[in-house]
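> task: produce atomic coordinates for the following.
(one chain, ligands or ions: 2)
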Amino acid sequence: LKVLSDSATEIRVELGTRSYAVLVGDDLLGSLMSFMPEKGWRKAAVLTDSNVGPLYAAGVVETLRAHDLETVLLEVPPGEGSKTFEQAFEVIGGLMESGFTRSDVMFALGGGVVGDLAGFAASVFKRGIDLVAIPTTLMAQVDSSIGGKTAVNLPAAKNQVGTFHQPVAVLCDILTLATLSLREFRSGLAEVAKYSLITSRDWGGELRADPRAVAEATPETLARVAAECVREKAALVSADERDTGVRHYLNYGHTLGHALEAAGGYDGTYSHGEGVSVGMVYAALVSEATGLGRKGLAESHSAMLVQMGLPVAPLAPAPGFEDIEPRMARDKKSDGGFVMVLLQEEGRPAVVRDLDPSLLRSCYDALLAGDFRK
Ligand SMILES: NC(=O)c1ccc[n+]([C@@H]2O[C@H](COP(=O)([O-])OP(=O)(O)OC[C@H]3O[C@@H](n4cnc5c(N)ncnc54)[C@H](O)[C@@H]3O)[C@@H](O)[C@H]2O)c1
Ligand SMILES: [Zn+2]
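Ligands and ions are numbered 1, 2, ... in the order given. Just a heads-up that it's a prediction; the model follows:
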């Protein structure tokens with residue numbers, strides 16, 4: 001990797017020969033190629049969605065072409081509905097048509113949906129081509145672009161088909177967040193809140209104490225917080241690439257979160273982060289109910305998330321527990337008995353197995369009733 005601009009922070013994801021850099025900073029898109037490893041690519045595909053494409057694709061395509069890469073632009077419709085097998089096959093068809101080989105590259109320019117889809121297509125096309133991530137949502141910058149998980153959904157549950165395929169570089173250009181809607185920005189804040197809840201590091205405590213500082217962030221604050229989140233994720237991924245141990249912690253709030261998304265048919269009723277936000281309050285209730293978590297955990301979760309403008313209870317009409325339970329059970333992290341990430345207290349996560357279904361039900365009832373509020 002070459003020169004860094006003054007305003008860029010580089011965080012390494014250490015994975016032996018598959019290690020890579022995540023760059024967080026201002027205006028990285030303009031000097032995109034200076035951050036690329038020497039790979040001898042001849043062709044590049046830029047996969048984006050029809051919201052992000054008109055905003056940022058022309059500049060990226062132009063830069064790649066200026067560096068003698070034969071570049072094609074592929075665009076999918078925005079939203080979770082694009083994370084399907086069918087869409088992945090269309091993308092792969094586009095690569096075939098343009099004569100891509102194994103020594104070419106795919107750029108994922110967009111949010112987590114584009115990232116997961118591009119990653120999946122790149123990992124299976126010719127058994128795997130290089131992937132560069134250019135995440136443009138807060139969600140994707142702090143979470144989904146790092147760590148190599150790719151996925152498409154099945155109607156029954158989220159992320160049921162996927163691969164591990166690490167990118168060769170990740171560029172988080174904070175300036176792209178300027179065009180994000182408030183709702184999508186807040187969706188990313190839910191993952192920021194998640195990191196602050198599972199980490200015992202100082203920044204997590206600071207953020208819990210003053211959530212508004214991030215909710216109303218300047219680009220400088222945002223770059224600093226995003227870099228902290230990337231550090232957390234990079235450390236967990238380096239320690240447990242295949243998600244058999246500590247990487248599970250990143251799933252905090254996701255068991256119910258994913259179930260709410262799936263119950264809504266991925267129709268956008270819940271953004272991913274909104275589901276996670278509600279799911280974290282639920283996980284805190286379960287933590288308390290099992291006796292593992294400190295009293296008042298759900299209440300303080302709720303206070304923080306509300307300050308970030310996030311939902312803390314399922315939207316009406318809320319799905320019944322009968323609908324939610326099998327979806328939670330199918331969540332990819334459950335192996336056999338019911339598994340969830342819980343908290344003893346802020347900064348002390350634990351993976352808990354064989355949770356009692358009747359306890360899960362009563363906590364869901366408590367969530368619907370808003371029992372955690374003061
Ligand atoms: N692979 C992982 O480890 C991982 C981790 C977390 C989340 N995810 C996945 O990520 C997905 C959610 O990602 P997301 O929240 O980024 O959703 P998204 O990709 O759907 O993006 C949200 C919306 O913002 C628009 N958008 C993106 N960038 C923009 C910009 N700069 N300006 C204006 N509009 C912009 C998109 O077009 C879309 O409408 C989910 O599918 C989730 O499962 C994956
Ligand atoms: Zn998530």
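
> the residue positioned nearest the centre of the chain and residue 358, how far apart?
For the chain, the residue nearest the mean C-alpha position is residue 144 (3.0 Å; C-alpha atoms, centre = their mean). The gap separating residue 144 from residue 358 is 34 Å, by C-beta to C-beta, to the nearest Å. Backbone N, C-alpha and C define where each C-beta goes, glycine included.

> before we move on, what about residue 205?
35 Å.

> higher neighbour count, these two?
Neighbours were counted for residue 205 and for residue 358 using other C-beta atoms under 10 Å; residue 205 has more, 14 against 8.

> how close does that one sit to residue 10?
Residue 205 is 25 Å from residue 10, by C-beta to C-beta.

> around ligand 1, which positions in the stretch 151-300 of the chain sit nearby?
Within the stretch 151-300 of the chain, the residues that sit near ligand 1 (C-beta under 6 Å from any ligand atom) are 158-159, 176, 179-180, 184, 187, 271-272.

> so of these, which ones are in strands?
Taking DSSP state E as the definition of strands, these contribute 158-159.

> how about a markdown table for the residues of the stretch 151-300 of the chain next to ligand 1, with neighbour count and pLDDT added?
Shown next, in a markdown table, are those (neighbours: other C-beta atoms under 10 Å; pLDDT from 0 to 100):
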| residue | neighbour count | pLDDT |
| --- | --- | --- |
| 158 | 24 | 81 |
| 159 | 18 | 89 |
| 176 | 24 | 95 |
| 179 | 12 | 96 |
| 180 | 19 | 96 |
| 184 | 20 | 96 |
| 187 | 25 | 97 |
| 271 | 24 | 93 |
| 272 | 26 | 94 |
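
> chain neighbours aside, what residue packs nearest to residue 232?
residue 195 (4.8 Å; C-beta to C-beta, 6 or more residues apart in numbering).

> helices or strands up against the helix or strand where the one you found lies?
Residue 195 is located in helix 182-198, with elements delineated by DSSP states H and E. In this structure, helix 182-198 packs against helix 138-139, helix 202-209, helix 212-215, helix 219-239, helix 272-290, helix 297-307, strand 340-345, with contacts taken as 3 or more C-beta pairs under 8 Å, 6 or more residues apart in numbering; DSSP states H and E.

> who's in contact with whatever helix or strand comes next after the fourth one?
Towards the C-terminus, the helix or strand next in line after helix 219-239, according to DSSP H and E, is helix 254-263. The set of residues that contact helix 254-263 without belonging to it, under C-beta atoms under 8 Å, 6 or more residues apart in numbering, is 80, 153, 156-159, 270, 272, 275-280, 282-283, 314, 319, 323-324, 327-328, 331, 333-334, 340-341, 364.

> same question, stretch 300-320
Defining contact as C-beta under 8 Å, 6+ apart, one finds that stretch 300-320 is touched by 182, 186, 189-190, 193, 197, 208, 211-212, 214-215, 260, 263-264, 269-270, 273-274, 277-278, 280-281, 284, 346, 367-368, 370, 372-373.

> those residues, buried ones only, as a PyMOL selection?
Buried residues among the contacts of stretch 300-320 (16 or more other C-beta atoms under 10 Å), as a PyMOL selection:
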select buried, resi 186+189+190+193+197+208+211+214+215+260+263+264+270+273+274+277+278+280+281+284+346+367+372
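
> for the residue of the stretch 251-374 of the chain found nearest ligand 1, which residues are in contact?
Residue nearest to ligand 1 within the stretch 251-374 of the chain: residue 272 (4.0 Å; C-beta to the nearest ligand atom). Contacts for residue 272 were tallied using C-beta under 8 Å, 6+ apart; they are 80, 112, 139, 187, 190, 257, 261.

> can you list the residues of the stretch 1-150 of the chain near ligand 1?
49, 51-52, 55, 78-80, 83, 110-114, 116, 136-137, 139-140, 143-144, 147, 149.

> same thing but at 8 Å, please
49-52, 55-56, 78-80, 83, 110-116, 119, 135-140, 143-150 (C-beta under 8 Å from any ligand atom).

> tell me how far residue 46 lies from ligand 1.
The gap separating residue 46 from ligand 1 is 14 Å, by C-beta to the nearest ligand atom, to the nearest Å.

> shaky segments in the stretch 201-350 of the chain?
Applying pLDDT under 70 to the stretch 201-350 of the chain flags residues 332-336.

> what about 80?
331-337 (pLDDT under 80).

> returning to what we had before: report the buried members of the contacts of helix 254-263.
Applying 16+ other C-beta under 10 Å to the contacts of helix 254-263, the neighbour count classes 80, 153, 157-159, 270, 272, 275-280, 282-283, 314, 319, 324, 327-328, 331, 333, 340-341, 364 as buried.

> picking that back up, just the contacts of residue 272 now: which is nearest ligand 1?
Closest approach to ligand 1 among the contacts of residue 272 (C-beta to the nearest ligand atom): residue 112, at 2.0 Å.

> how much space separates the residue of the stretch 251-374 of the chain closest to ligand 1 from residue 143?
9 Å.

> find residues that contact each of these two.
Jointly contacting residue 272 and residue 143 under the rule C-beta under 8 Å, 6+ apart are residue 112.

> quick one: buried residues of stretch 83-95?
By neighbour count on 16+ other C-beta under 10 Å, the buried set for stretch 83-95 is 83-84, 87-88, 91-92, 94-95.

> now, among these, which is nearest to residue 236?
Nearest to residue 236 among those: residue 83, at 22.9 Å, using C-beta to C-beta.
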